[in-house]
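Trainee: just the structure for this:
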Amino acid sequence: MPAAELSHRQLISSLFASHYVWLCERLRRHLDSPACAEDIASETFIQLLESPNVVPIRQPRALLTTIAQRLLYQRWRRRDLERSYFDELSVTDDSHNPSPEHLAQAIETLNRVDRRLNRLPAKVKATFLLSRDNGLTYPQIAVELGISQRSVSVYMDQAQTCCKRACLE
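Mentor: Now for the predicted structure:
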């Protein structure tokens, strides 16, 4: 193991020892379950560990809070997406209710789509969400984001291609 990687691991290990309990307590204020708080705190440190070698961190709690908040928002988005899917199912008649296996597949597909959308550039993702979630037209999106209608069209194509790939995985 190269010295830089060892140093990076030692830095993250030190941060973990110093701040893990604090981060868990902070996350518990926003979550119903201590186990969920611990999961997100652990995932925060995993992301730090997997990131390229980090230079010395002057404000570790600020960095940890930012990463944890992003993970928390992702969890909430995923939960809202699942809830929306189940709400949509509840208004369909009973003869069209999918099997538990189909539901599990649909949720996994939605999670893949969500992860892929999160990797898109911010304007591409915003364009897609303004269209699909808010029902805005391309001209309205262009005004909202301060971009051309052509860019809206290109961004929508990128986002839709991304979603299609996620569904085919």
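Trainee: contacts and neighbour counts: CA atoms only from here.
Mentor: Noted.
Trainee: what's the following helix or strand after the helix or strand containing residue 49?
Mentor: When elements are assigned from DSSP states H and E, residue 49 belongs to helix 34-50. Per DSSP H and E, helix 34-50 leads on to helix 60-91 as the next helix or strand towards the C-terminus.
Trainee: list the buried residues for that next one?
Mentor: Of the residues in helix 60-91, those with enough neighbours to count as buried (16 or more other C-alpha atoms under 10 Å) are 61, 64, 65, 67, 68, 69, 71, 72, 78, 81, 82.
Trainee: just to check, the fifth one is in contact with residue 45?
Mentor: Going back to what we said before, that points to residue 68. No: here residue 68 lies out of contact with residue 45, judged by C-alpha atoms under 8 Å, at a distance of 9.0 Å.
Trainee: what is the neighbour count of residue 148?
Mentor: By the measure other C-alpha atoms under 10 Å, the count of residues near residue 148 is 14.
Trainee: verify the stated contact: it with residue 142.
Mentor: Yes: with contacts counted by C-alpha under 8 Å, residue 148 reaches residue 142, the gap being 5.4 Å.
Trainee: mind checking pLDDT for the residue nearest to the spatial centre of the chain?
Mentor: Within the chain, the residue whose C-alpha comes closest to the C-alpha centroid is residue 74; the distance, by C-alpha atoms, centre = their mean, is 3.5 Å. Per-residue confidence (pLDDT) for residue 74: 82.
Trainee: noted, bye for now.
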